[in-house]
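Trainee: sequence first, predicted coordinates after that:
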Amino acid sequence: MIGSRRNVLLLILAIALVLLGTVWTPVTGQGRWTDVVLTTGHGVTFALTAALAALVVAGSEWTRRWPVWLHYGTVLSLTGLLGLGSEVLQIWLPRDANLEDFRTDLLGAWAGLAAFAVFDSRLRTVGRIGIPLSGLIPFFVLAVPLVTCIHAYARRQAAFPVLADYRLSFDDYFLQAQGTSRAHDLMPQTWAGFAGEQAMRISFGKTAWPGLHFAEPAPDWRGYETLAIDVTNPNPAALPLNIRIDDRAHNNQYSDRFNTIIDLAPRERSIVRLPISDISRAPRNRNLDIDEVSGLILFVSGNSEPERIGEGLLVSRIWLE
């Protein structure tokens with residue numbers, strides 16, 4: 001009786017973990033870190049759930065005569081069904097249901113079973129070693145995106161007040177393309193400031209407003225007077241560069257953000273400087289939150305003549321002064 005009651009409590013705890021970790025999770029926010037943390041949370045939740053379920057199955061009277069492999073297969077199947085059910089449930093909730101989360105759930109369950117195997121005395125030597133070692137696969141699959149995310153935010157913070165610098169290296173973790181492609185190219189000698197200098201070349205496509213979104217720059221621009229953008233127009237004609245800056249409170253209306261157009265001289269490298277005070281005063285009915293900047297977008301009009309934008313745009317550096 002005590003064992004049955006324990007198993008029921010463990011199952012309730014496992015289901016509660018699934019609901020808390022996938023459906024009712026308190027993690028909210030904007031940015032790539034939110035998605036990464038939620039995805040990692042899925043894996044951790046299902047690792048704990050699988051370990052608890054394995055404990056229940058191993059201690060149940062009606063499964064005692066099952067072969068060990070069937071115990072593990074049953075737990076993996078049950079946690080997989082729980083993961084699928086949690087995704088289906090999110091269809092009717094203000095959450096995103098997707099197969100990637102389901103994949104993460106299965107990886108987490110695999111890792112949880114691998115951890116349980118370390119303490120499973122029923123396993124022989126091969127299983128006692130092989131199953132835990134196999135758990136390194138889902139562990140690294142789940143851990144690498146989280147470590148990469150933490151490293152990217154740390155790099156961003158360490159580089160501030162430089163928001164982007166492509167002269168020596170290329171980091172595109174926070175870049176989002178819309179109708180454009182990008183590459184890290186050697187700066188043509190005509191405009192290079194030093195030997196071996198590089199730049200990010202943005203190639204504009206034929207969509208309505210092709211551009212590149214510098215998502216999630218270091219958000220607090222207080223204490224600085226100017227936003228500086230080091231760009232080169234390699235085209236034989238002037239390039240009309242649109243610059244858009246948003247804050248977290250932006251309502252996606254044109255009048256609620258900073259917008260400007262700079263005509264870049266043909267075949268010339270220049271530094272565009274925008275006063276922070278102008279950026280702050282840009283929204284029609286309020287001030288843009290300089291301590292909550294959420295995005296910087298460089299783009300052109302899709303109606304631009306091909307000869308004006310055919311060579312794209314070279315971006316060397318973006319920083320605050």
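Mentor: Everything's here; your move.

Trainee: okay, now the unreliable bits of the stretch 51-200 of the chain?
Mentor: Applying pLDDT under 70 to the stretch 51-200 of the chain picks out residues 59, 61-63, 86-87, 89-99.

Trainee: show me what contacts residue 246?
Mentor: Residues counted as contacts of residue 246 (C-beta atoms under 8 Å, 6 or more residues apart in numbering) are 257, 258, 288, 293, 294, 295, 297. Backbone N, C-alpha and C define where each C-beta goes, glycine included.

Trainee: can you tell me the SS state at residue 37?
Mentor: Look at residue 37: counting by DSSP: H, G, I helix; E, B strand; the rest coil, its state is helix.

Trainee: ditto for the one 3 residues further on
Mentor: Of the three states, residue 40 takes helix according to three-state DSSP.

Trainee: how about the closest residue to it other than its chain neighbours, phi and psi?
Mentor: Distances taken as C-beta to C-beta, 6 or more residues apart in numbering place residue 146 nearest to residue 40, at 4.8 Å, with adjacent residues excluded. Dihedral pair for residue 146: phi -70, psi -50, per degrees, to the nearest 10.

Trainee: counting neighbours, what do you get for residue 146?
Mentor: A count of nearby residues for residue 146, using other C-beta atoms under 10 Å, gives 16.

Trainee: was I right to think it contacts residue 41?
Mentor: No. Contact between residue 146 and residue 41 fails when scored by C-beta atoms under 8 Å: they sit 9.9 Å apart.

Trainee: tell me how far the residue minimising distance to the centre of the chain lies from residue 291.
Mentor: Per C-alpha atoms, centre = their mean, the C-alpha nearest to the average position across the chain is that of residue 32, at 3.2 Å. As judged by C-beta to C-beta, to the nearest Å, residue 32 and residue 291 stand 20 Å apart.

Trainee: how about residue 133?
Mentor: Using C-beta to C-beta, residue 133 is found at 48 Å from residue 291.

Trainee: now the helices: where do they sit in this protein?
Mentor: In the chain, the helices defined using DSSP state H lie at 2-18, 32-59, 68-89, 99-117, 125-134, 136-159, 276-280, 306-309.

Trainee: and of these, who's closest to residue 210?
Mentor: Residue 210 sits nearest to helix 306-309 of all the helices of the chain, at 8.3 Å, using C-beta to C-beta.

Trainee: now residue 277. Nearest residue, chain neighbours left out?
Mentor: Counting by C-beta to C-beta, 6+ apart, residue 277 lies nearest to residue 225, which is 7.6 Å off, once chain neighbours are set aside.

Trainee: surely that neighbour touches residue 274?
Mentor: No. In this structure, residue 225 is not within contact of residue 274 by C-beta under 8 Å, at 10.1 Å.

Trainee: these two: which is more packed in?
Mentor: Applying other C-beta under 10 Å to residue 225 and residue 274 shows that residue 274 carries more neighbours, namely 17 against 11.

Trainee: about what we covered before: closest to residue 281 among the contacts of residue 246?
Mentor: Closest approach between these and residue 281, by C-beta to C-beta: residue 288, at 7.7 Å.

Trainee: look up how far residue 279 lies from the closest one.
Mentor: 6 Å.

Trainee: same thing with residue 235?
Mentor: Distance from residue 235 to residue 279, by C-beta to C-beta: 27 Å.

Trainee: next one: residue 180
Mentor: From residue 180 across to residue 279, the span is 23 Å (C-beta to C-beta).

Trainee: then residue 160?
Mentor: 17 Å.

Trainee: report how many residues lie close to the nearest residue to residue 281 once chain neighbours are set aside.
Mentor: Leaving out its chain neighbours, the residue that sits closest to residue 281 by C-beta to C-beta, 6+ apart is residue 287, at 6.4 Å. Around residue 287 there are 13 other residues, counting by other C-beta under 10 Å.

Trainee: pLDDT at residue 287, what is it?
Mentor: Per-residue confidence (pLDDT) for residue 287: 91.

Trainee: the one 3 residues further on too?
Mentor: According to the prediction, residue 290 has pLDDT 93.

Trainee: then residue 19?
Mentor: We have a pLDDT of 56 for residue 19.

Trainee: mind listing what residue 134 touches?
Mentor: 110, 114.

Trainee: what sits in contact with each of residue 288 and residue 279?
Mentor: Going by C-beta under 8 Å, 6+ apart, residues that sit against residue 288 and also against residue 279 are 245, 258.

Trainee: so residue 309 sits right up against residue 206, yeah?
Mentor: No. If you go by C-beta under 8 Å, residue 309 and residue 206 don't touch, sitting 10.2 Å apart.

Trainee: look at the two and report which has more neighbours.
Mentor: Ranked by neighbour count (other C-beta under 10 Å), residue 309 and residue 206 place residue 309 first, with 23 against 8.
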